[in-house]
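Novice: What follows is a predicted protein model with its sequence.
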Amino acid sequence: DVKVTQSSRYLVKRTGEKVFLECVQDMDHENMFWYRQDPGLGLRLIYFSYDVKMKEKGDIPEGYSVSREKKERFSLILESASTNQTSMYLCASSKTGTGVSQYFGPGTRLTVT
Amino acid sequence: GEDVEQSLFLSVREGDSSVINCTYTDSSSTYLYWYKQEPGAGLQLLTYIFSNMDMKQDQRLTVLLNKKDKHLSLRIADTQTGDSAIYFCAERRPLTGKLIFGQGTTLQVKP
């Protein structure tokens, strides 16, 4: 079974702090994704990566950056957390190919106070 | 527009059928997906349909695709309390491979 793990289930940070969210997948997937989920808005893509050291902006990259130094790990960084970044963050991974689905981690609920 | 649209809430009684609807945007989308999210968990793939199909059945789940109207539906037969969750539809854009998600439909199953 594909396993996507996220470093924390719940996180509380203060405004202005630098925040790291870690995601690890164990199925040698090329592609990894970071989404945020907010009520009534569904999932919105923040950043994704097709390969090690490669990254692409998604639909809402402002205020975020990412790092992919190893194939299995994709990190989301909030350089200076703000209250409007309070959300559920979901990581996903997939193999390259037609029609393949994405496999999701359990999510990190981040609260910025 | 860019949005995949779903109604936000559906309530049914246990044993009834549930139908969750979705309207997507890109007629060239190759695959359409249904994901389920239980409370406190990530998204789990339920089923998917390729764009050249009209219908797909998998046990209690039936997916119907109307490509002309860009309408997708998920029918759950004999709905159980364990089916209570948020259901997301998603379309796969052919050029980028990105998934575009709807807002999610919260299904409430009353005993």
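Specialist: Nice, I can see it.
Novice: List, one by one, the residues from chain A near chain B.
Specialist: Listed as neighbours of chain B in chain A under the rule C-beta under 8 Å from any C-beta of the partner chain: A:4, A:9, A:31, A:35, A:40-45, A:48, A:58, A:90, A:92, A:98-99, A:101-107. For glycine as for every other residue, the C-beta is placed from the backbone atoms N, C-alpha and C.
Novice: can you rerun that using 10 Å?
Specialist: Residues of chain A lying close to chain B by C-beta under 10 Å from any C-beta of the partner chain are A:4, A:6, A:9-10, A:31, A:33, A:35, A:37-45, A:48, A:50, A:56, A:58-59, A:88, A:90-92, A:94, A:96-107, A:109.
Novice: are any of those buried, and which?
Specialist: Buried by 16 or more other C-beta atoms under 10 Å in any protein chain shown: A:4, A:6, A:31, A:33, A:35, A:37, A:42-43, A:45, A:48, A:58, A:88, A:90-92, A:94, A:101-105, A:107, A:109, out of the residues of chain A next to chain B.
Novice: From these, which land in strands?
Specialist: Residues of those located in strands (DSSP state E): A:4, A:6, A:31, A:33, A:35, A:37, A:42-43, A:45, A:48, A:88, A:90-92, A:94, A:103-104, A:109.
Novice: What values do phi and psi take at the nearest residue to A:S7 once chain neighbours are set aside?
Specialist: Leaving aside its sequence neighbours, A:S7 sits nearest to A:E22 (C-beta to C-beta, 6 or more residues apart in numbering or on different chains; 3.8 Å). Note on A:E22: its backbone torsions stand at phi -110, psi 140 [degrees, to the nearest 10].
Novice: hang on, B:M55 packs against B:L72?
Specialist: No: contact criterion C-beta atoms under 10 Å: B:M55 and B:L72 do not qualify, at 11.0 Å.
Novice: Between the two, tell me which one has more neighbours.
Specialist: Per other C-beta atoms under 10 Å in any protein chain shown, whichever of B:M55 and B:L72 has more neighbours is B:L72, with 26 against 11.
Novice: Could you check how far the more buried one is from B:S18?
Specialist: 14 Å (C-beta to C-beta, to the nearest Å).
Novice: What residues are bridge-paired with the residue of chain A found nearest chain B?
Specialist: Nearest to chain B, among the residues of chain A, is A:F104, at 3.7 Å (C-beta to the nearest C-beta). For A:F104, the beta-bridge partners are A:A92 (DSSP bridges).
Novice: coming back round to it: any residues in contact with both of B:M55 and B:L72?
Specialist: Common neighbours of B:M55 and B:L72, using C-beta atoms under 10 Å, 6 or more residues apart in numbering or on different chains, are B:49, B:63-65.
Novice: Go through these and say which is closest to B:F88.
Specialist: B:V63 (13.5 Å; C-beta to C-beta).
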